[in-house]
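[1] requesting a structural model of the entry that follows:
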Amino acid sequence: MVVLNRIYTRTGDDGTTALGSGERRPKYDLRVAAYGTVDETNAAIGVVRLHLADSPEVDAMLGRIQNDLFDLGADLAVPEREGKAERLRMLASQVERLEHDIDSLNDQLAPLTSFVLPGGTPASAYLHLARTICRRAERIMVELAARPDETVNAAGIQYMNRLSDFLFVASRFLNNKGAGDVLWVPGQNR
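    Numbering: from 1, shown residues only. Coordinates of the predicted model:
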């Protein structure tokens, strides 16, 4: 259980923040950027959900995803260290559930004939925004994982990779199952 009685502590006034392990890092640290960008993805998904009164199935999926993203943030906030008790970690089952949700929505879509421009319904446009933030989070996590002194849970990276796919498929689903997609026309404005 998390208890937050005080919102401000002044401990970050020096430009550092505490990881879940208690270790302090500069606020520009790549690990902090990783879980901060996961949080940004979550906030963008929250905006999408404001537009889903007529799509309870997608709203429920996004609600589960938002909870997963908090799990991922907790995972990233506590670096894996040998000899230390394990904390909350992303699991392969969370990736598998996301794949199931992608397949469930994608099975209802017409095949693509072109790349899709962000747009259509408000929910679809915001899903594209969330997708691009998600991709940035994934890139930061991969960069962090490439550092010899850092570890990143592989399931977390896989989750973000699948999440960007889910957000794309869901954007098409909410664009009248793809019929309302705004398609790219190569060279249209030459």
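[2] can we go C-alpha only for contacts and neighbour counts from here?
    Fine.
[3] which residues outside the helix or strand bottoming out on mean pLDDT in the chain are in contact with it?
    Least confident element among the helices and strands of the chain, by mean pLDDT, DSSP states H and E: strand 16-18 (a mean of 81). Contact with strand 16-18 is made by 11, 24-27, as judged by Cα atoms under 8 Å, 6 or more residues apart in numbering.
[4] which other helices and strands contact the lengthiest helix in the chain?
    Criterion DSSP state H: the longest helix present in the chain is helix 122-145. In terms of contacts (3 or more Cα pairs under 8 Å, 6 or more residues apart in numbering; DSSP states H and E), helix 122-145 is packed against helix 30-49, helix 154-173.
[5] any buried residues in stretch 136-151, and which?
    136-142, 144-145, 151 (16 or more other Cα atoms under 10 Å).
[6] just the closest of these to L19, please.
    Set against L19, the nearest of these by Cα to Cα is T151 (13.9 Å).
[7] how close does that closest one sit to T17?
    According to Cα to Cα, to the nearest Å, T151 stands 19 Å off from T17.
[8] ok so, going back, lowest-confidence one in the contacts of strand 16-18?
    Of all the contacts of strand 16-18, T11 carries the smallest pLDDT score, 61.
[9] list the contacts for P118?
    By Cα under 8 Å, 6+ apart, the neighbours of P118 are 124-125, 128-129, 182.
[10] good, wrapping up.
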